[in-house]
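Asker: What would the 3D arrangement of this be:
(2 chains)
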2 protein chains.
Amino acid sequence: MEFWDKKNECMTRENIRQLQFEKLQATLHRVYKNVRHYRKIFREVDFMPEDMGSFSDFKRLPLINRQDLSENYPYDMFAVPLREVVRLHTASIHFEDPIVIGFTRNDLDQWAELMARNFTGIGVSSDDVVQIAMNFGITTGPFGVQVGAEKIGASVIPISSGKLPAQLKIMRDFRTTVLVSTPTLAVSLVRQMEEMNLDPRSLSLKYGVFGCEPWSETMRTEIESRMHIIATDTYGMTELFGPGVAWECPEKNGLHIAEDHFIPEIIDPVTLESLPPGQEGELVLTSISKEAFPLIRFRTGDISKIDYGPCACGRTHCRISRIFKRSDDVMVVRGMSIRPQQIAQVLSRVSGGEPVFQVVVERQDGLDQLTVLLEISNLNFFDQMKKQRQFVEQLHRELSELVGWEVVVRLVEPGTFDPARKVQDTRRFQ
Amino acid sequence: MEFWDKKNECMTRENIRQLQFEKLQATLHRVYKNVRHYRKIFREVDFMPEDMGSFSDFKRLPLINRQDLSENYPYDMFAVPLREVVRLHTASIHFEDPIVIGFTRNDLDQWAELMARNFTGIGVSSDDVVQIAMNFGITTGPFGVQVGAEKIGASVIPISSGKLPAQLKIMRDFRTTVLVSTPTLAVSLVRQMEEMNLDPRSLSLKYGVFGCEPWSETMRTEIESRMHIIATDTYGMTELFGPGVAWECPEKNGLHIAEDHFIPEIIDPVTLESLPPGQEGELVLTSISKEAFPLIRFRTGDISKIDYGPCACGRTHCRISRIFKRSDDVMVVRGMSIRPQQIAQVLSRVSGGEPVFQVVVERQDGLDQLTVLLEISNLNFFDQMKKQRQFVEQLHRELSELVGWEVVVRLVEPGTFDPARKVQDTRRFQ
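Answerer: Take a look at the predicted model:
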């Protein structure tokens, strides 16, 4: 078992608590001083940073969510001047509620540290060749993978999510040993290999680091056995860093959260009460190292539970269970977060009214599919079949453009689905 | 006038020559020891690295070109073990002759230095917000821009070449001050602004750093006046680093080559004789700092001339004239290098024979267009119009996929064009 940063990854519980407390105090002082939003909400509960004597004081602080971040778009949640920010990312620019996240140079270094722990922890070293098959751009994911892999001295191929044959050509010619992508892409690659009669065992692949979307043990087993690799999960979100916040060690028994950088909590998403370890609820994270964009009690929207029990790998950081559910209506499909409201916006713009619809999410042969069911109404009933077909085609085109792949659009009779249920996610993750 | 690295940017000619000579000696020893290809071609001219007593000895060394690099694909031109390589890029994976380029950590640092000089030299500082509207992926361009801008402490938005409205939303909301893209994209953005009635003067834009394709003074004037920015050119190629090898200072009178990292020469592309300063010919570059992938007397294929005269900016590094011509048949269109052979491959695969064709490159409203003219022959003459249309549609689809945008395909009568002339480039760059 290799460690990138054994000292910090294997601290005693007592030392973790002590370090968290000190970094938290410093962070609270900093955000109170520099971020108007925190100053406002802290004052509302009559909290001054110097009041914090224990973690129970901390739990008096209000929770924040993505809505708070987007209300402060673009730069009002930044805790440093823009001059000190060297990188800007966003979760998505398509959202009607955009969020922009800033990183100082030091933040980027910390992020590289987190991903270096992840890579080293699963056995990747400077001898490895890492193929990053994720779209580089305005979201953070692939950049974190890149700096982390470079930090440990691996050879990084930032290929982006190009076409499958190109991915496989690079994989074979460059002798890639580590694939980093969504699990969905891994399944597509395996299929493409089989189509091309390319035996995965003739490649140099050893590891797969997957994330950005929910995936199951069944899917892991399938990828591992068909691709002949070890596949592990990594977790994170643009608002915090991106990948590397929590990750699976080779025990594959929950994802270790870097507790020297984040304080995790689990709450009941309805009552907002704190829940004890082992109980399932919404994951709340506080970042205690970030300079540009610290988040205090941030509701991730992800449903999980925390395990403080010992792990055979020797790491003392607690583990969260893999994420399969959300507390809100965000669908994570092919690595992308999509909200029913975004679909609704397109539907109402095209049809000029309030459409009744349901989004069906399915996994077919390991690949996520989206179908939008739209009730037939006077908004989309046309005397001419041709007009109706053009209407559906326009919806198909605009929705496919929104998500970036082919969405199926179907007009259905009223009563086909429960109109109150905007999303029907039929994927089985367990 | 600001300098990032005044000491090295303003060395005396004598010190430049001395430094170049020392770094060249070290490089020649290293490649002779580590790269079989160099050992072989040096021996063919009976050259031992310790023989080099002066620059005239250096000129005895054979020239190398892209063909040499691709014959050593993937890793045989590397001068360090793969373990020391932290980044792999390629000029293009579509090429039938692929080339892979490696960078050590130190190479990436040097690259950041080069781009930091470029940004600082034109007036960009840590107060600026830099929007990188270039496709991040397997080619190097945007990564070099990113590390350079981060090095000077600017805030970097790695947006990639996303859709125009998204680019403009980010540009306005994030208060972008520097746009980095191809000049073609800048023209498209200006047009999109005008369509959206977005006054460029309401934005925070100050500078445009453009490259990756030939552009003219007319185009510069148009971009500067319509976008209300200062626009400068930057030059480089994946085989060397990417952007930052040479760039325009605010004098806009040729591009300074970083002579402490590269030795430039001009040769006659036919006789391969060295040409004196001021005379136009093919630019040959030798990299004297690169660890992973040093190039000795590399034929860039770009036609230029060198000016050693003083520059009002105070930099002593020589300047090359802007690149409008190539010595080979590579077309640089919308920032992408395309060779007629690639087109020919698609044509012969689809038609099943040796087609007679010509590629017409035009610039319409500042945007490059490609039209492929194909002579009607028994290969593509069908009795049914429908079949012929399907044939042309398939060509259209496959060629558009090859280059990444819509290519026009036209069947024409024999005699319409000179079949010996594969490319007709009607763009006017001067």
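Asker: Just name whatever secondary elements the lowest-mean-pLDDT helix or strand in chain A is in contact with.
Answerer: When each helix and strand of chain A is scored by mean pLDDT, DSSP states H and E, strand A:336-338 comes last, with a mean of 78. With contacts defined as 3 or more CB pairs under 8 Å, 6 or more residues apart in numbering or on different chains; DSSP states H and E, the packing partners of strand A:336-338 are strand A:331-333, helix A:385-403. In short, each C-beta sits where N, CA and C put it, glycine included.
Asker: What's the first helix or strand after that strand?
Answerer: Sequence order places helix A:340-351 as the next helix or strand after strand A:336-338, per DSSP states H and E.
Asker: For A:Leu411, give its distance to A:Met385.
Answerer: Distance of A:Leu411 to A:Met385, given as CB to CB, to the nearest Å: 11 Å.
Asker: Those two - which one has more neighbours?
Answerer: For A:Leu411 versus A:Met385, neighbours defined as other CB atoms under 10 Å in any protein chain shown are more numerous around A:Leu411 (17 against 8).
Asker: Quick check: pLDDT value at that one.
Answerer: Looking at A:Leu411, its pLDDT is 90.
Asker: Just to check, it is in contact with A:Leu379?
Answerer: No - here A:Leu411 lies out of contact with A:Leu379, judged by CB atoms under 8 Å, at a distance of 10.6 Å.
Asker: Identify the residues contacting the spatially closest residue to A:Lys290 that is not a sequence neighbour.
Answerer: Using CB to CB, 6 or more residues apart in numbering or on different chains and skipping residues adjacent in sequence, the residue nearest A:Lys290 is A:Asp107, 5.5 Å away. Counting by CB atoms under 8 Å, 6 or more residues apart in numbering or on different chains, A:Asp107 makes contact with A:Arg87, A:Phe241, A:Ser289, A:Lys290, A:Glu291, A:Ala292, A:Phe293.
Asker: Once you drop chain neighbours, what's closest to the third one?
Answerer: Spatial nearest neighbour of A:Ser289, chain neighbours left out: A:His261 (4.5 Å); criterion: CB to CB, 6+ apart.
Asker: Excluding its own residues, what touches stretch A:32-46? List them.
Answerer: Contacts for stretch A:32-46 (CB under 8 Å, 6+ apart): A:28, A:31, A:48-49, A:60-62, A:64, A:68, A:71-72, A:76-80, A:296.
Asker: Tally up the residues packed near the closest residue to A:Ser160 other than its chain neighbours, please.
Answerer: Spatial nearest neighbour of A:Ser160, chain neighbours left out: B:Gly137 (3.6 Å); criterion: CB to CB, 6+ apart. B:Gly137: 24 surrounding residues under other CB under 10 Å.
Asker: cool, A:Asn65 as well?
Answerer: A:Asn65 has 16 neighbours, counted by other CB under 10 Å.
Asker: A:Val130 too?
Answerer: Residues lying near A:Val130 (other CB under 10 Å) number 26.
Asker: What of A:Asp76?
Answerer: 12.
Asker: Could I get the contacting residues of it?
Answerer: Residues in contact with A:Asp76, defined by CB under 8 Å, 6+ apart, are A:Val35, A:Arg36, A:His37.
Asker: about what we covered before: wait, what's in contact with the residue nearest to A:Ser289?
Answerer: Here A:His261 is in contact with A:Gln110, A:Leu114, A:Val245, A:Ser287, A:Ile288, A:Ser289, A:Lys290 (CB under 8 Å, 6+ apart).
Asker: Could you measure from the fourth one over to B:Phe293?
Answerer: What it means is A:Ser287. Computed with CB to CB, the distance linking A:Ser287 and B:Phe293 is 38 Å.
Asker: And the closest residue to A:Tyr73 other than its chain neighbours, which helix or strand is it part of?
Answerer: Nearest non-adjacent residue to A:Tyr73, counting by CB to CB, 6+ apart: A:Pro98, 5.4 Å away. Applying DSSP H and E as the criterion places A:Pro98 outside every helix and strand.
Asker: Likewise for A:Asn106?
Answerer: Per DSSP H and E: helix A:105-122 holds A:Asn106.
Asker: One more: A:Val156?
Answerer: Going by DSSP H and E, A:Val156 is part of strand A:155-157.
Asker: Show me what that strand packs onto, helices and strands only.
Answerer: Strand A:155-157 sits against strand A:129-132, helix A:141-151, strand B:85-90, with contacts defined as 3+ CB pairs under 8 Å, 6+ apart.
Asker: any low-confidence regions in the stretch 251-400 of chain A?
Answerer: Within the stretch 251-400 of chain A, no stretch falls below the threshold (pLDDT under 70).
Asker: Not counting its own residues, what contacts stretch A:180-187?
Answerer: Residues from elsewhere that reach stretch A:180-187 (CB under 8 Å, 6+ apart): A:130-134, A:142, A:145, A:149, A:161, A:179, A:189, A:208-213, A:215, A:219-220, A:222-223, A:227, A:231, A:334-335, A:365-368.
Asker: Just these: which are in strands?
Answerer: A:Val130, A:Gln131, A:Ile132, A:Leu179, A:Gly208, A:Val209, A:Phe210, A:Ala231, A:Leu367, A:Asp368 (DSSP state E).
Asker: what's the lowest-pLDDT member of those residues?
Answerer: The member of those with the lowest pLDDT is A:Leu367, at 79.
Asker: which residues touch that residue?
Answerer: A:Leu367 sits next to A:Thr184, A:Val187, A:Ser188, A:Arg334 when contact means CB under 8 Å, 6+ apart.
Asker: now do 6 Å
Answerer: By CB atoms under 6 Å, 6 or more residues apart in numbering or on different chains, the contact set of A:Leu367 is A:Thr184.
Asker: May I have the beta-bridge partners of it?
Answerer: A:Gln364 (DSSP bridges).
Asker: Kindly provide the distance from it to A:Leu164.
Answerer: 12 Å.
Asker: before we move on, what about A:Val156?
Answerer: A:Val156 is 20 Å from A:Leu164, by CB to CB.
Asker: Could you do A:Arg201 as well?
Answerer: Taken as CB to CB, the span from A:Arg201 to A:Leu164 is 19 Å.
Asker: repeat for A:Val409
Answerer: 25 Å.
Asker: For these two, indicate the residue with more neighbours.
Answerer: Looking at A:Val409 and A:Leu164 with other CB under 10 Å, you find the greater number of neighbours at A:Val409, namely 21 against 17.
Asker: Determine the set of other helices and strands touching the strand or helix carrying the more buried one.
Answerer: Secondary structure from DSSP H and E places A:Val409 in strand A:408-412. Contact here means 3 or more CB pairs under 6 Å, 6 or more residues apart in numbering or on different chains; DSSP states H and E; on that basis strand A:408-412 packs against strand A:367-375, helix A:385-403.
Asker: hang on, the earlier thing: how far out from the middle of the chain is the strand holding A:Val156?
Answerer: Distance, stretch centre to chain centre, for strand A:155-157: 22 Å (CA atoms, centre = their mean, to the nearest Å).
Asker: Check which element follows that strand along the chain.
Answerer: Next along the chain from strand A:155-157, counting by DSSP H and E, comes helix A:164-173.
Asker: Any residue of that following helix touching chain B?
Answerer: Yes - Helix A:164-173 lies within reach of chain B by CB under 6 Å from any CB of the partner chain, at A:Ala166, A:Asp173.
Asker: That helix to strand B:85-90, inter-axis angle?
Answerer: If you take axes from the mean of the first three to the mean of the last three CA atoms, to 10 degrees, helix A:164-173 sits at 140 degrees to strand B:85-90.
Asker: Would you mark the buried spots in stretch A:153-162?
Answerer: A:Gly153, A:Ala154, A:Ser155, A:Val156, A:Ile157, A:Pro158, A:Ile159, A:Ser160, A:Ser161 (16 or more other CB atoms under 10 Å in any protein chain shown).
Asker: Using PDB, list the CA coordinates for that stretch.
Answerer: The C-alpha coordinates for stretch A:153-162 follow below in PDB (Å, rounded to 0.1, in the frame of the first residue of the first chain):
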ATOM      1  CA  GLY A 153       5.200  12.400 -12.300                       C
ATOM      2  CA  ALA A 154       2.900  10.200 -14.500                       C
ATOM      3  CA  SER A 155       2.800  11.000 -18.200                       C
ATOM      4  CA  VAL A 156      -0.500  12.700 -18.900                       C
ATOM      5  CA  ILE A 157      -2.400  12.500 -22.200                       C
ATOM      6  CA  PRO A 158      -5.100  15.200 -22.000                       C
ATOM      7  CA  ILE A 159      -7.000  13.700 -25.000                       C
ATOM      8  CA  SER A 160     -10.400  15.100 -23.900                       C
ATOM      9  CA  SER A 161     -13.600  13.100 -24.700                       C
ATOM     10  CA  GLY A 162     -12.800  12.600 -28.400                       C
END
